[in-house]
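1. Have a look at this fold, sequence not included:
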């Protein structure tokens, strides 16, 4: 716009520029609320936590520069590595099945012969709308340590197994929390996939039908390759989300959340450092380490999903 | 040119953001104090943060009537929320109330920030010192004893709560005085437990935590020395408490309940264990939550080795206040012996002012729940038995939880107590580096 205005006579240019300026100012004003809120709530704390990672601070006394000691402390703490392990295991158990089941559910929900589509779509999405705290509380009742809890009742009476201490054993807690995460998020991913499926043009399927492809082949060679961007999106958000797992285990375990290590995730470890041990420096250092871990996973993710898309396309062509 | 404009615009919007923040900061300051240095008595509003059920709202109203220029805004929240909110506002340097209640277990977390509190000694606290139990008062001071953080409110002297029906079945006395005379040492405590187990099949103590806390709460030096160094040697008081809990567990007289769990509440109600080492405030919980146990529990004093305090609070004045003297005058009035008696009668806050123990209304306060036993004198005696509260330090609870995990592993999984102890000590060393 500026380049055009240069050719205009001086007096008109002036007027035009002030008009452009007005536009610009109003434009910035329109987007200002986001940036103001983002600076206050997002950017400032993020930068401050980087600063904090190199300080020793208990929240009230003056800060003391600590160099890299915080990172060294965290990285040499066996509990930190246990929390990384827990996070990855629960991430895999909670989200990987979600993506597969979500895809299948979305495919089924899109079937032409399915009755009450609206009803099924709403019910599958419902867990996502339920309050997290309520979900975790109900799950902590279903999966309690007690021998008569619902989960243990099913185990002992129908499967003939021994009862499990769901909130205090290595695998019991992980399985219970993974089931909860799965239940809560599967509907969300299903809806994204459903939107993706509906964006695939119908003529592709018609052509495939004419060529004699069955439903399963259509799913494998049309639906999945065409859904690549949606799959990448869900894999990406699920991975990042599972790395930040916090509220589910915290509410599920209640009073024991920060004293036992079976289900301690990285973010819980961070929270414990800051708010139970009054060590904001190591907590911030953990946050930065978490950032690095998430970045690594994101890169791996993108690499993997890219490769997977290309291969499928190759088969199709 | 174009990018320059963008930069200035962005700078402008962030400037706006910052000024907005500054603006809100100013606002809160203005609203918390309405000091205009007027000629006569100006209107003063004091923010007062409390937690739990204290009944301080009613007392504050009474104070407002006597002092028409003072308005007190009482805000009561849940214990953890209260302390977290206070911690955050003190840390941020704005938003703290004029007066705040502090629970004794959380106190050390705040004591590191002496500069954020008013020294109550400067405001006249020396004059009322004699009214309160020495050990309670001293815990409200800093290490040197020249700075007073808070005035004492209630205390939590521990006593032996016991089921009379189970004691009777086991052939033990049921009268509080006789029980106290019989169970007068840790050894006698253990023997009574064995009798209960033999005759009734019920555990004596409810949980391994209570067995452990028997000695722990009474320790002069618990996990940390006042210099904030770990104190977990073989001869430490903590190890003694640990070994005693392990020993009681080996005798089979420790239950597997966890305090406050539904199973535990049920067991209190039905009498599935015989004794609890509880503080005075447990009484209030029992009255409200164990309807089937009316008349079945009694209270006796514990052996002096176990005499300890569990819980209780202080009231402090954060230095953000603009009305430190007025705030102090109010709390001095609020925790005066007469008002402590009122708080005791209405909300069961056990008084820390010794003169209350002599009052007739206090001594004759009979508890229907305890079959008409007047329990207050028992707790008063327990309160006077307490030698002192050990230094806790800001990491008391994380360390406590590590040791407790070791004990739970011993109890639930039959782990080797020595191995568990060493592992727990190692974990606490890790904690202390933070």
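-> Received, thanks. Everything quoted here is computed from the prediction, not taken from an experiment.
2. Would you confirm that residue A:276 contacts residue B:397?
-> Yes: applying C-beta atoms under 8 Å as the test, residue A:276 and residue B:397 come out as touching, 7.3 Å apart. C-beta: built from backbone N, CA, C; applies to glycine.
3. does chain A sit close to stretch B:397-406?
-> Yes: Stretch B:397-406 reaches chain A (C-beta under 8 Å from any C-beta of the partner chain) through B:397, B:398, B:401, B:402, B:404, B:405.
4. So which of those residues sit within helices?
-> Counting by DSSP state H, those place B:397, B:398, B:401, B:402, B:404, B:405 in helices.
5. right, and out of the residues you listed, which lies closest to chain A?
-> residue B:401 (4.1 Å; C-beta to the nearest C-beta).
6. what's the pLDDT at the closest one?
-> As predicted, residue B:401 sits at a pLDDT of 89.
7. need the contact list for it.
-> Residue B:401 makes contacts with A:258, A:259, as judged by C-beta atoms under 8 Å, 6 or more residues apart in numbering or on different chains.
8. So what's the residue count around the residue of the stretch 101-250 of chain A at minimum distance from chain B?
-> Chain B sits closest to residue A:146 of the stretch 101-250 of chain A, with a gap of 7.2 Å, by C-beta to the nearest C-beta. By the criterion of other C-beta atoms under 10 Å in any protein chain shown, residue A:146 has 18 neighbours.
9. And residue B:213, by the same measure?
-> Residue B:213 has 23 neighbours, counted by other C-beta under 10 Å.
10. where's it, which helix or strand?
-> helix B:208-216 (DSSP states H and E).
11. other SSEs contacting that helix?
-> Counting by 3 or more C-beta pairs under 8 Å, 6 or more residues apart in numbering or on different chains; DSSP states H and E, the packing neighbours recorded for helix B:208-216 are helix B:186-200, helix B:237-251, strand B:275-279, helix B:396-413.
12. most neighbours per residue, which of the ones you listed?
-> strand B:275-279 (a mean of 24; mean count of other C-beta atoms under 10 Å in any protein chain shown).
13. Quick one: name the residues of the stretch 151-300 of chain A near chain B.
-> Residues of the stretch 151-300 of chain A lying near chain B (C-beta under 8 Å from any C-beta): A:168, A:255, A:258, A:259, A:260, A:273, A:275, A:276, A:277, A:278, A:279, A:282.
14. who's in contact with residue B:240?
-> By C-beta under 8 Å, 6+ apart, the neighbours of residue B:240 are residue B:215.
15. And it, how close does it get to residue B:277?
-> According to C-beta to C-beta, to the nearest Å, residue B:240 and residue B:277 sit 16 Å apart.
16. what's the domain layout of the chain?
-> Chain wasn't specified; assuming chain A. A:2-52, A:72-316 (automatic domain parsing).
17. um, chain B though
-> Using automatic domain parsing, chain B is parsed into the domains B:40-155+B:312-360, B:156-310+B:368-432.
18. is the shortest one anywhere near chain A?
-> Yes: using C-beta under 8 Å from any C-beta, domain B:40-155+B:312-360 reaches chain A at B:84, B:87, B:90, B:91, B:109, B:110, B:112, B:113, B:116.
19. what about the first one, helix or strand, and which?
-> For residue B:84, the host element (DSSP H and E) is helix B:79-92.
20. What's the mean pLDDT across the next helix or strand along the chain from that helix?
-> Moving toward the C-terminus from helix B:79-92, the next helix or strand (DSSP H and E) is strand B:99-103. Strand B:99-103 comes out with an average pLDDT of 95.
21. helices and strands around strand B:99-103, which ones?
-> Judged by 3+ C-beta pairs under 8 Å, 6+ apart, the packing partners of strand B:99-103 are strand B:44-51, helix B:79-92, strand B:309-316, helix B:324-334.
22. Show residues contacting the helix holding residue B:213.
-> B:186, B:189, B:205, B:222, B:237-238, B:240-242, B:244-245, B:248-249, B:254, B:256, B:258-259, B:276-277, B:305-306, B:308, B:310, B:403-404, B:407-408, B:410-411.
23. Residue A:266 and residue A:272 touch, don't they?
-> No: look at residue A:266 against residue A:272 with C-beta under 8 Å: they stay out of range, at 10.7 Å.
24. tell me, how many neighbours does residue 117 end up with?
-> Reading this off chain A. Look at residue A:117: counted by other C-beta under 10 Å, it has 13 neighbours.
25. Switch to chain B, please.
-> 25.
26. Please pick the buried ones from the residues of the stretch 151-300 of chain A next to chain B.
-> By neighbour count, with 16 or more other C-beta atoms under 10 Å in any protein chain shown, those hold A:168, A:258, A:259, A:260, A:273, A:275, A:276, A:277, A:278, A:279, A:282 as buried.
27. OK, contacts around the fifth one?
-> Counting by C-beta under 8 Å, 6+ apart, residue A:273 makes contact with A:279, A:280, A:282, A:283, A:286, B:434.
28. how many neighbours does the fifth one have?
-> Neighbour count for residue A:286, taken as other C-beta under 10 Å: 29.
29. Just say helix, strand or coil for it.
-> helix (DSSP: H, G, I helix; E, B strand; the rest coil).
30. Would you map the helices across the stretch 101-250 of chain A?
-> Counting by DSSP state H, counting those that start in this stretch, the segments of the stretch 101-250 of chain A that form helices are A:117-129, A:132-142, A:150-158, A:170-198, A:202-210, A:215-218, A:224-226, A:228-243, A:247-253.
31. which other helices and strands contact the fourth one?
-> For helix A:170-198, the packing partners by 3+ C-beta pairs under 8 Å, 6+ apart come out as helix A:78-109, helix A:117-129, helix A:132-142, helix A:228-243, helix A:247-253.
32. want to throw those into a markdown table with mean pLDDT?
-> Formatted as a markdown table, the helices and strands packed on helix A:170-198 follow (pLDDT from 0 to 100):
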| stretch | mean pLDDT |
| --- | --- |
| helix A:78-109 | 92 |
| helix A:117-129 | 89 |
| helix A:132-142 | 87 |
| helix A:228-243 | 89 |
| helix A:247-253 | 89 |
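33. Identify, out of those helices, the most deeply packed stretch.
-> helix A:247-253 (a mean of 21).
34. Go ahead and name everything in contact with it.
-> Residues contacting helix A:247-253 (C-beta under 8 Å, 6+ apart): A:90, A:132-133, A:135-137, A:139-140, A:143, A:167, A:173, A:176-177, A:180-181, A:184, A:257, A:260, A:263-265, A:268, A:271.
35. Can you get me the centre-to-centre distance for that helix and its chain?
-> Counting by C-alpha atoms, centre = their mean, to the nearest Å, helix A:247-253 is centred 16 Å from the centre of its parent chain.
36. do stretch A:26-41 as well
-> Relative to its chain's centre, stretch A:26-41 lies at 26 Å (C-alpha atoms, centre = their mean).
37. how about residue B:152, secondary structure?
-> strand.
38. So the closest residue to it other than its chain neighbours versus residue B:345, what's the distance?
-> Distance criterion C-beta to C-beta, 6 or more residues apart in numbering or on different chains; nearest residue to residue B:152, sequence neighbours excluded, is residue B:352 at 4.2 Å. Distance, residue B:352 to residue B:345, using C-beta to C-beta: 15 Å.
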